[in-house]
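Q: kindly generate the corresponding structure for this input.
(chains A, B, C and D)
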Number of protein chains: 2
Amino acid sequence: MAVDLRPSQALKLLHDFNFEVVRDDDRDLSARQITILLTVYLDPPPHTVRGLAAKLNVTKPVITRALDTMGRMEILQRRRDPSDRRNVLVQRTVKGALYVERLADLMAAKAKELPL
Amino acid sequence: MAVDLRPSQALKLLHDFNFEVVRDDDRDLSARQITILLTVYLDPPPHTVRGLAAKLNVTKPVITRALDTMGRMEILQRRRDPSDRRNVLVQRTVKGALYVERLADLMAAKAKELPL
DNA sequence: CTGAAATGATACGGCTCCGAAACGATCTTT
DNA sequence: AAAGATCGTTTCGGAGCCGTATCATTTCAG
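A: The predicted structure is shown next:
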């Protein structure tokens, strides 16, 4: 129980963060895509399509399509599992790490600006 | 400078919050829609289509369509400005207030669970 | 009173995403 | 090796959202 955030502060933080993302990027990821991305970057590997789908409670094609999109953006990467070639391993990329880091910094900055 | 949130905590908070939203709602609002919604609920009125578009740096049809969608969800409401009938005033609803409150509580709860 | 300006809504073509179902490739079992 | 199971992808029809351009309504200026 570390960070004490009142609901009104949470709301403002949520607004300010989204506001910044919307203003900067013409292209914004959906909540699903963000969750997939952050899951890959926060949870220990390996990450498979099926595993991500089960964890996020969505269908497999949702993951496949999100990987198509974020693969094109080069923030996530597919690789075949050598030990079981049916599996696809979802991996991080350098560009993706920078992207995620930017999100984290932006959120931390917005939190710092919150009124008491 | 109230809330101290390290980037790694911000990332986990962002993940946990989105994770919960994605798991619960089959239909999730876009970053733009959330920003519009929270702007109406946080900034002082009046809110017009043109004003919101300028503030968020998007085109007017984006606002109109978002109002269509969130109007159907009954979390935002249109009303004609009586003093200048060209304007549309965007207003809160009871249902919308509950929706926003739920977002705030969820985020605050997830912040409380963050590791030090 | 008439034409210009302002406001929000709409039409359009294009793109992305959705869930369900079917599919090919790969392993596992027999 | 044949049959079945598992995994990720693709297809399909349908829906939402995008930006540009245009439209109807309302107000304002001359």
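
Q: every contact and neighbour count from this point should use C-alpha atoms.
A: Noted.

Q: list the buried residues of the host helix or strand of residue A:68.
A: Assessed by DSSP states H and E, residue A:68 sits inside helix A:60-72. Neighbour counts over helix A:60-72 (16 or more other C-alpha atoms under 10 Å in any protein chain shown) mark A:63, A:66-67, A:70-71 as buried.

Q: and it, how far out from the chain's middle?
A: Helix A:60-72 sits 13 Å away from the centroid of its parent chain (C-alpha atoms, centre = their mean, to the nearest Å).

Q: check whether it comes near chain B.
A: No. Using C-alpha under 8 Å from any C-alpha of the partner chain, we find that helix A:60-72 stays clear of chain B, coming within 12.1 Å at best.

Q: just the CA trace of that helix, in CSV.
A: What follows is helix A:60-72, C-alpha atoms only, in CSV (Å, rounded to 0.1, in the frame of the first residue of the first chain):
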residue,chain,number,x,y,z
LYS,A,60,-7.0,-14.9,-29.9
PRO,A,61,-7.5,-12.8,-33.1
VAL,A,62,-7.5,-9.7,-30.9
ILE,A,63,-3.9,-10.6,-29.9
THR,A,64,-2.9,-11.4,-33.5
ARG,A,65,-4.2,-8.2,-34.8
ALA,A,66,-2.7,-6.1,-32.0
LEU,A,67,0.6,-7.8,-32.8
ASP,A,68,0.2,-6.9,-36.5
THR,A,69,-0.4,-3.3,-35.5
MET,A,70,2.3,-3.0,-32.9
GLY,A,71,4.7,-5.0,-35.0
ARG,A,72,4.3,-2.5,-37.7
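
Q: after it, which helix or strand is next?
A: Next element after helix A:60-72 (DSSP H and E): strand A:76-80.

Q: which residues sit against that following strand?
A: For strand A:76-80, the external contacting residues (C-alpha atoms under 8 Å, 6 or more residues apart in numbering or on different chains) are A:37, A:67, A:70-71, A:86-93, A:96.
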